[in-house]
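Colleague: From the sequence below, what's the structure:
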Amino acid sequence: MSTPSHKEHKHHAPRTIGCMVITCSDTRTPETDTSGRLIQQLLKDEGHHIAAYHLVKDEPAQIKARIAEGITDESIQAIIINGGTGISRRDSTFEAVDAMLEKRLDGFGEVFRYLTYQEIGSPAIMSRATAGIIKGRVLFSTPGSENAVRLAMEKLILPELGHLVKALTK
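Modeller: Reported below is the predicted structural model:
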């Protein structure tokens, strides 16, 4: 008997995932949150459901509170955060997220930075994009720029989202 390929695993993955989108920004408003809207649109275009959307200041307590809400909501299987992953004094999303993860998906950040390096060169090293598992949910944290969001969503998150959620039910 042969081992199922990754394509077979994806074939059995759920087609619709309930998602929470969180934008972390000290300056954006719901009207100017183009990256948050882009994430939501790309998810919807793939047939996923936006169960919740939040715009929060880049404050660890606010970020953690929204994640805590998401992991208790049965309609949410994935949390996608954008913003606050840089190295400035105010960028604290990574610390908030990393402290809550039960398992890290180091490959996400590594491949994201590699793909970013191919596009913009050495500034890619400043990204602290990360992903992992928390209470049976998959969580992704990306930079807040539209280009970074599009790259993460199209090249990494959307192709594997159903597969990851399926793997969490095993």
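Colleague: Please make it C-alpha for all contacts and neighbour counts, starting now.
Modeller: OK.
Colleague: residue closest to the middle of this structure?
Modeller: Residue closest to the average C-alpha location in the chain (CA atoms, centre = their mean): F140, at 2.4 Å.
Colleague: That one and G132 touch, don't they?
Modeller: Yes: with contact defined as CA atoms under 8 Å, F140 reaches G132; the gap is 6.7 Å.
Colleague: Looking at the residue nearest to the centre of the chain now. What's its pLDDT?
Modeller: pLDDT, F140: 98.
Colleague: can you count the residues close to G18?
Modeller: Using other CA atoms under 10 Å, G18 is surrounded by 18 other residues.
Colleague: swap in I120?
Modeller: 10.
Colleague: How about P143?
Modeller: Residues near P143, counting by other CA under 10 Å: 24.
Colleague: cool, I133 as well?
Modeller: Quick note: I133 (other CA under 10 Å) scores 20 neighbours.
Colleague: could I get stretch 71-79 in CSV with only the CA atoms?
Modeller: Coordinates of each C-alpha in stretch 71-79 appear next as CSV, following Å, rounded to 0.1, in the frame of the first residue of the first chain:
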residue,chain,number,x,y,z
ILE,A,71,-9.9,30.2,20.1
THR,A,72,-13.1,29.9,22.1
ASP,A,73,-15.3,30.5,19.0
GLU,A,74,-16.3,27.1,17.4
SER,A,75,-16.9,28.8,14.1
ILE,A,76,-13.2,29.8,13.8
GLN,A,77,-10.5,27.4,12.7
ALA,A,78,-7.9,29.9,11.5
ILE,A,79,-6.7,33.3,12.7
